[in-house]
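Colleague: Have a look; sequence and predicted model below, questions after that.
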Amino acid sequence: MCGVIGRCFFGTVLRSARATQVVIFCAIHSAGSTKLGKTHASKMDGIEAGKKAAAVTAVNNHVKTNQVVGIGSGTTIISAVQRLAERVKEEGLKVICIPTSYQARQLILENKLTLGELEINPELDVAIDGADEIDADLTCIKGGGGCQTQEKIVAANAKEFIVIADSRKDVPVLGTNWKNGIPIEVIAMAWRPVQVQIEKRFGGKACLRMAQRKMGPVVTDNGNFILDWKFDKPDDWWKINTELKLIPGIVETGLFVKMARVAYFGTPEGKVEMRKASWL
Ligand SMILES: O=C(CO)[C@H](O)[C@H](O)COP(=O)(O)O
């Protein structure tokens, strides 16, 4: 695990046709990072260090006092919430946090941050969240933790949606490393017809996500099921997402197209690369 995070400063600026990359060097002191890459444990330490570096940098760069902040779900967001809590203590930062899941709600409460809700704060300044994979256009697959519907609602109502991830998730095309498919939340009674429709129209396999320590399917925070659609080949995600959304029974997809404005990718060495979306 990564320990104290030091100062970050901007390094090399690399411009590509699709996105602007800025490499940020973070001074990270990590007790477990000395034997990186040699054992499974040290590899995991490296991944955790990358997640933490990305999360801390995003919170430092994008959150200001008196803002309404969307809090994503997953493991990477934990470090972002902890950094927010640190900033509240150290600087007197004032933020209202809008959760994207029960997990996010618990994180906000455990870290003694101010819990808000969309009914009271329908417009957010910034939303920060992890992702399962992020392509060169910053299109994301989300929903590995089954929270994509609330995550998308919160992100869509934020002025800025910022993605944080370790560098394994930075890929040229979706499906490079993430083999679990695109999570699609469906109304329970519709899961079979939706499965048939997806496979007929788009190919691949749409599998009902099963629970791990409970018999039967995973039930989302919204009381629905999830189909994990293992697609055959990468495609025009904007078009696919729009077509999927027109299938009756589909509540939301884990395809986040043209939503993320900035992504932060952390490496095991604590370097952070910032990339801006090309469509900005
Ligand atoms: O979309 C999500 C949950 O629905 C998560 O943000 C995504 O699965 C990434 O999780 P992690 O930070 O644990 O890798």
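Modeller: Here it is on my side, so go on.

Colleague: Would you tell me which helix is longest in the chain?
Modeller: Under DSSP state H, the helix in the chain containing the largest number of residues is helix 40-62.

Colleague: and T139, how far is that from K239?
Modeller: Going from T139 to K239 by C-beta to C-beta, to the nearest Å gives 12 Å. Where C-beta positions appear, they are placed from N, C-alpha and C, glycine not excepted.

Colleague: which of these two has more neighbours?
Modeller: Between T139 and K239, counting by other C-beta atoms under 10 Å, T139 is the more crowded of the two (22 against 10).

Colleague: got the contact list for A85?
Modeller: In this structure, A85 makes contact with N111, K112, L113, judged by C-beta atoms under 8 Å, 6 or more residues apart in numbering.

Colleague: repeat for V194
Modeller: Counting by C-beta under 8 Å, 6+ apart, V194 makes contact with I184, V186, A206, L227, I247, G249, I250.

Colleague: Give me the phi and psi angles of the first one.
Modeller: With angles defined as degrees, to the nearest 10, I184 sits at phi -130, psi 120.

Colleague: Tell me, how many residues neighbour it?
Modeller: I184 - counted by other C-beta under 10 Å - has 30 other residues nearby.

Colleague: distance of the residue lying closest to L118 once chain neighbours are set aside from V219?
Modeller: Using C-beta to C-beta, 6 or more residues apart in numbering and skipping the chain neighbours, the partner closest in space to L118 is I98 (6.2 Å). For I98, the distance to V219 under the criterion C-beta to C-beta works out to 23 Å.

Colleague: Tell me which of these two has more neighbours.
Modeller: Counted by other C-beta under 10 Å, I98 and V219 do not tie: I98 has more neighbours, with 26 against 15.

Colleague: Most neighbours among the contacts of A85, which one is it?
Modeller: Each of the contacts of A85 was scored for neighbours by other C-beta under 10 Å, and L113 scores highest at 20 neighbours.

Colleague: Does anything pack onto the helix or strand harbouring the residue nearest to L118? Which helices or strands?
Modeller: For I98, the host element (DSSP states H and E) is strand 95-99. The contact analysis (3 or more C-beta pairs under 8 Å, 6 or more residues apart in numbering; DSSP states H and E) places strand 95-99 against strand 67-71, helix 76-91, helix 102-110, strand 114-115, helix 148-156.

Colleague: Let me see the contact set for A188.
Modeller: Applying C-beta under 8 Å, 6+ apart, we find A188 in contact with P217, V219, G223, N224, F225.

Colleague: Good, we can wrap up now.
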